[in-house]
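>>> what follows is a predicted protein model with its sequence.
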Amino acid sequence: MSDTVRPWNAAHQSSRPNPEAALFVRPSRRMAASPFRPSILRDARKSALLGMRSAVVLAALLPALLAAQPAAAQQSVAEFYKGKTLRIIVGVGVGSGYDLNARVLGRTLPAHIPGNPTVIVQNQPGAGSLAMTNALYNNGPFDGTVIGASFNGMPTAPLLEPSGARFDPVKINWLGSTNRETQITYVWHTAPVQKLADLFTTELIVGAQAPGSTQYDFPILLNHLFGTKFKIVTGYESTPKIHLAMESGEVQGNGATNWSTVKALNTSWLTEQKIRIIVQWGLKKNPELPAVPLVLDLAKTPSDRQALELALARLEFGRPFFLPPNVPPERVEALRRAFDATMKDPAFLADADKSKIEVDPLTGEQVAALVEQVSHTPADTVARVRAAMENK
C-alpha cells in the first residue's frame with residue numbers, strides 16, 4: 001500500500017472536514033516530518049499532569065472548605081441582623097398571657113441572635129390570631145425580621161377552620177414554644193354554676209375572644225359532645241377584658257384560659273377565692289390542681305376521647321413562635337438556636353419567674369414534629385370536631 005496522501009475528493013467528503021478523522025488517519029511521511037507534533041504531545045502531557053496535581057490539591061482542601069461553610073453562614077447571619085429591628089407580632093391584644101410571654105422573651109432573645117438586633121413586640125389581634133398568621137404567612141416579610149406569636153390553636157386551624165385559615169402549618173418555620181399548657185374553666189364566685197355537674201342543667205355565660213381560641217372552641221366542643229350549657233359571648237380583645245366583664249357581671253366566667261395566665265394576671269382572685277375552677281383541660285392532670293376534674297374523664301367512648309385529644313393537642317404547643325415559609329434556612333436555624341439558648345438563660349428564667357410565667361419549652365423541631373403528627377389525624381375525627389366547632 002502506498003504511503004502517498006491521496007488528494008481530498010469533494011464528491012465523497014462533507015464540505016466541512018471532520019476533525020475526529022485525523023485521529024485515525026494512517027501516518028504519512030508528511031505528518032512524521034511535521035515539526036509541531038512533538039511539542040503538541042509534550043503540552044498535552046503537561047496539561048494532564050497539571051490537571052492531576054490540581055485534583056490532588058482540591059481533594060486536600062475540600063474538607064477545610066466544607067468546614068468553613070458554617071462559619072461563613074454564621075457571619076452572613078450576623079451581618080444581616082446587625083443594626084436591624086426584629087419584630088414579634090402577637091396575634092392577641094395587649095395585656096394577655098400571650099402578649100406578656102412575648103415581651104418577656106423579647107427582652108432576652110436579642111443577646112442570643114447573631115448580630116444582636118433590636119427586638120420589639122407589636123400586637124395585631126383579630127379572628128383568634130388568624131388575621132396575623134394569614135397575613136404573615138402570605139405577605140411576609142420573608143427575610144427573618146418578623147416572628148409570629150399566635151394562639152396555640154393555629155397548628156390545628158386548617159383542619160378545624162379551613163374556611164378561615166389560609167396557611168399550611170407544616171410549611172411554617174416553627175421556632176419553639178416557651179411552655180406546654182394546662183387550661184382551666186373558671187367562674188365568678190357568684191355565678192349560678194359552681195361545679196362541673198351544674199353545667200349539664202344550668203346555663204353559664206362565658207366570654208371569649210373569637211372562634212379559633214380555646215375560650216370559644218373548648219366550650220362549644222363540650223356542648224356538642226356532652227350537652228353542657230355554655231353560652232359564649234365573643235368579641236373581647238384579650239383575657240384581661242374578659243376578666244373586667246366578669247367583675248362587672250357582664251359574663252359569669254371564662255370557658256378556657258391558661259392556668260399560668262390566671263396566676264400571672266389575677267393572683268388575688270385565687271387567694272381571695274373570687275373564682276372557682278370547675279374543670280381543667282389537658283392530656284393529664286396538672287399537679288397543682290389535683291382536686292379539679294380533668295375534661296378527658298367525661299369521655300365514655302373511644303370516639304369521644306379521640307375528639308377531645310385532637311382538641312387538646314394544641315395545649316402541647318403551648319406558646320408557639322414562628323417564621324413564615326421561605327425565610328433563608330440559615331436565619332431559621334440561627335433563630336431556633338437563639339430561642340433554645342434563651343430558654344436556658346438565667347436572665348430570662350428570672351424574668352419569667354418574676355412575671356409568673358411557666359417555662360417548659362419545646363424546640364422548633366419538636367413543635368414541627370407535633371404539627372406533622374396532628375396533620376395526619378383521621379378524617380372522621382376531624383369532621384366530628386369541626387362540626388362541633390362550627391356549632392352545627
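Great, that's in hand.

>>> restrict stretch 214-222 to CA atoms and write it as PDB.
What follows is stretch 214-222, C-alpha atoms only, in PDB (Å, rounded to 0.1, in the frame of the first residue of the first chain):
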ATOM      1  CA  THR A 214     -59.800  27.800  73.200                       C
ATOM      2  CA  GLN A 215     -62.100  30.300  75.100                       C
ATOM      3  CA  TYR A 216     -64.600  29.600  72.300                       C
ATOM      4  CA  ASP A 217     -63.600  26.200  70.900                       C
ATOM      5  CA  PHE A 218     -63.500  24.200  74.100                       C
ATOM      6  CA  PRO A 219     -66.900  25.200  75.500                       C
ATOM      7  CA  ILE A 220     -68.500  24.700  72.100                       C
ATOM      8  CA  LEU A 221     -66.900  21.200  71.900                       C
ATOM      9  CA  LEU A 222     -68.300  20.200  75.300                       C
END
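
>>> what sits up against it?
Stretch 214-222 has contacts (C-beta atoms under 8 Å, 6 or more residues apart in numbering) with 128, 151-153, 160, 183, 185, 199, 206-211, 228, 230, 232, 234, 239, 242, 254-257, 281, 295, 298, 307-308, 311, 314-315, 385, 388-389, 391. No exception for glycine: its C-beta is placed from N, CA and C like everyone else's.

>>> over to stretch 240-258?
Contact with stretch 240-258 is made by 93, 95-97, 181-188, 191-193, 204-209, 214-219, 230, 232-233, 236, 239, 265-266, 275, 281, as judged by C-beta under 8 Å, 6+ apart.

>>> can you give me the neighbour number for residue 270?
13 (other C-beta atoms under 10 Å).

>>> just the buried residues from the contacts of stretch 214-222, in ChimeraX please.
Burial among those is assessed by 16 or more other C-beta atoms under 10 Å; the matching ChimeraX selection reads:
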select :128,151,152,153,160,183,185,199,206,207,208,209,210,211,228,230,232,239,242,254,255,256,257,281,295,298,307,308,311,314,315,385,388,389
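
>>> from the contacts of stretch 214-222, which land in strands?
183, 185, 206, 207, 230, 232, 254, 255, 256, 257, 281 (DSSP state E).

>>> now for the residues you listed, which pair is the farthest apart?
Within those, two members stand farthest from each other by C-beta to C-beta: 207 and 281, at 16.6 Å.

>>> got the contact list for the closest residue to residue 234 other than its chain neighbours?
Excluding the flanking residues, the one nearest residue 234 by C-beta to C-beta, 6 or more residues apart in numbering is residue 208, at 4.9 Å. By C-beta under 8 Å, 6+ apart, the contact set of residue 208 is 215, 216, 219, 232, 233, 234, 236, 242, 254, 255.

>>> swap in residue 101?
Per C-beta under 8 Å, 6+ apart, neighbours of residue 101: 149, 178, 319, 357.

>>> now with 10 Å, please.
88, 90, 92, 121, 149, 177-179, 258, 260-261, 264, 318-319, 321, 352, 355, 357-359 (C-beta atoms under 10 Å, 6 or more residues apart in numbering).

>>> which other helices and strands does whichever strand or helix holds residue 381 contact?
In this assignment (DSSP states H and E), residue 381 forms part of helix 379-389. Judged by 3 or more C-beta pairs under 10 Å, 6 or more residues apart in numbering; DSSP states H and E, helix 379-389 is in contact with helix 157-160, helix 214-226, helix 302-317.

>>> would you turn those into TSV with mean pLDDT?
Shown next, in TSV, are these (pLDDT from 0 to 100):
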stretch	mean pLDDT
helix 157-160	87
helix 214-226	93
helix 302-317	89
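
>>> format those helices as CSV; extra columns: distance to residue 339.
Converted to CSV, these look like this (distance: least, C-beta to C-beta, whole Å):
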stretch, distance to residue 339
helix 157-160, 22
helix 214-226, 23
helix 302-317, 14
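
>>> of the ones in strands among the contacts of stretch 214-222, which is the nearest to residue 336?
Closest approach between the ones in strands among the contacts of stretch 214-222 and residue 336, by C-beta to C-beta: residue 183, at 26.4 Å.

>>> spit out the contact partners of the closest one.
With C-beta under 10 Å, 6+ apart, residue 183 has these contacts: 152, 214-215, 218, 254-262, 279-282, 286, 295, 312, 314-315.

>>> nearest spatial neighbour of it, skipping sequence neighbours?
Residue 183's closest residue in space is residue 281 (C-beta to C-beta, 6+ apart), at 4.0 Å.

>>> which ones are touching the one you found?
Counting by C-beta under 10 Å, 6+ apart, residue 281 makes contact with 181-185, 214, 218, 222, 255-259, 294-296, 308, 311-312, 314-315.

>>> what do you get if the cut-off is 7 Å, keeping everything else the same?
182, 183, 218, 256, 295, 312, 315 (C-beta atoms under 7 Å, 6 or more residues apart in numbering).

>>> dump the residue contacts of the last one.
What that stands for is residue 315. 152, 180, 181, 183, 281, 282.

>>> please repeat the previous calculation with a cut-off of 8 Å.
152, 180, 181, 182, 183, 214, 281, 282, 283.

>>> domains for the chain, by residue range?
80-180+317-378, 183-314 (automatic domain parsing).

>>> chain center to the first one: distance?
Spelled out, that is domain 80-180+317-378. Distance of domain 80-180+317-378 from the chain centroid (C-alpha atoms, centre = their mean, to the nearest Å) equals 6 Å.
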